[in-house]
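**Q** sequence first, then the predicted structure:
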Amino acid sequence: MLRKKVLRFALPAFAASVLLAGCSGEEPPVASPEATAGPTAAAESAQQQEFNQADTAFAQQMIPHHQQAVEMAEMVASRTANSKVIELAAQIQQAQAPEIEKMTSWLEAWGAPMPMPDMDGMDHGEMPGMMTSEVMSELEQAKDADFDRLWLEMMIEHHNGAIEMSNTQLQQGVNAEAKELAQQIIDAQQVEITTMSNLLATN
């Protein structure tokens, strides 16, 4: 088995318009339903965009975590002929690449720093499930059944790390979108762990 190598303005303006209308002898304008809905919609949007340090940390750490999973998935097609592993790798890549873009957009909206491009398990030992550069090199050099076994073991550990990070987000975060994504990650990756465990048992 793989050894664990884990490196975590409205009222003043309205009053002024009433005063001006009174002076001119004109009736004050009546606000349309769309206009009255504006502040409510804005308040709801602001509520949705509320975030705290845990939300920021979740995105900053999950981005490189996902990037490593995508990197691992990209290795598969050239190293194995196992159609089930190839299909699973494509599924992981298709799910996690858009999530990286989503979390990047959150950090931009929040004015938070982006993770460094070279983040990996060695640099961020607090991030559960991240693989060291040495382990990644070992995976790159493997082929066929040996690759399948090592890749599945590593991706199970990697998924367990993402689930741990997502549970932390559910407990400590406040941003609704980030918490929704965390739950999606948990649900999807638990299913994938079951699939990978079954593949390991028959490998």
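**A** Received the coordinates, thanks.
**Q** low-scoring stretches of the chain, by residue?
**A** 1-48, 117-126 (pLDDT under 70).
**Q** what's the domain layout of this protein?
**A** Domains of the chain are assigned by automatic domain parsing as 10-45, 50-202.
**Q** among the ones you listed, which is the most enclosed?
**A** domain 50-202 (a mean of 17; mean count of other CB atoms under 10 Å). Just so you know, the C-beta spots here come from the backbone N, C-alpha and C atoms, and that holds for glycine as well.
**Q** how far out from the middle of the chain is that one?
**A** 9 Å (CA atoms, centre = their mean, to the nearest Å).
**Q** do me a favour and get the end-to-end distance for it?
**A** Domain 50-202 has an end-to-end distance of 46 Å (CA to CA, to the nearest Å).
**Q** pretty sure residue 129 contacts residue 155?
**A** No - contact criterion CB atoms under 8 Å: residue 129 and residue 155 do not qualify, at 9.2 Å.
**Q** what residues does stretch 164-180 touch?
**A** For stretch 164-180, the surrounding residues in contact (CB atoms under 8 Å, 6 or more residues apart in numbering) are 8, 47-52, 54-55, 58-59, 61-62, 65, 103, 106, 127-129, 182-183, 185-186.
**Q** could you redo the last one with a cut-off of 7 Å?
**A** 8, 48, 50-52, 54-55, 58-59, 61-62, 65, 106, 128, 182-183, 185-186 (CB atoms under 7 Å, 6 or more residues apart in numbering).
**Q** in helices only, show me the residues you listed.
**A** Counting by DSSP state H, the contacts of stretch 164-180 place 48, 54-55, 58-59, 61-62, 65, 106, 182-183, 185-186 in helices.
**Q** I'd like to know which of these is nearest to residue 141.
**A** residue 65 (22.9 Å; CB to CB).
**Q** quick one, what contacts the closest one?
**A** 127, 129, 130, 161, 162, 165.
**Q** now render those residues as TSV, adding distance to residue 176.
**A** Listed next are the contacts of residue 65 as TSV, based on distance: CB to CB, whole Å:
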residue	distance to residue 176
127	24
129	25
130	27
161	24
162	20
165	18
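**Q** quick check, nearest of the residues you listed to residue 99?
**A** Distances from residue 99 to the contacts of residue 65, taken by CB to CB, are shortest for residue 162, at 10.2 Å.
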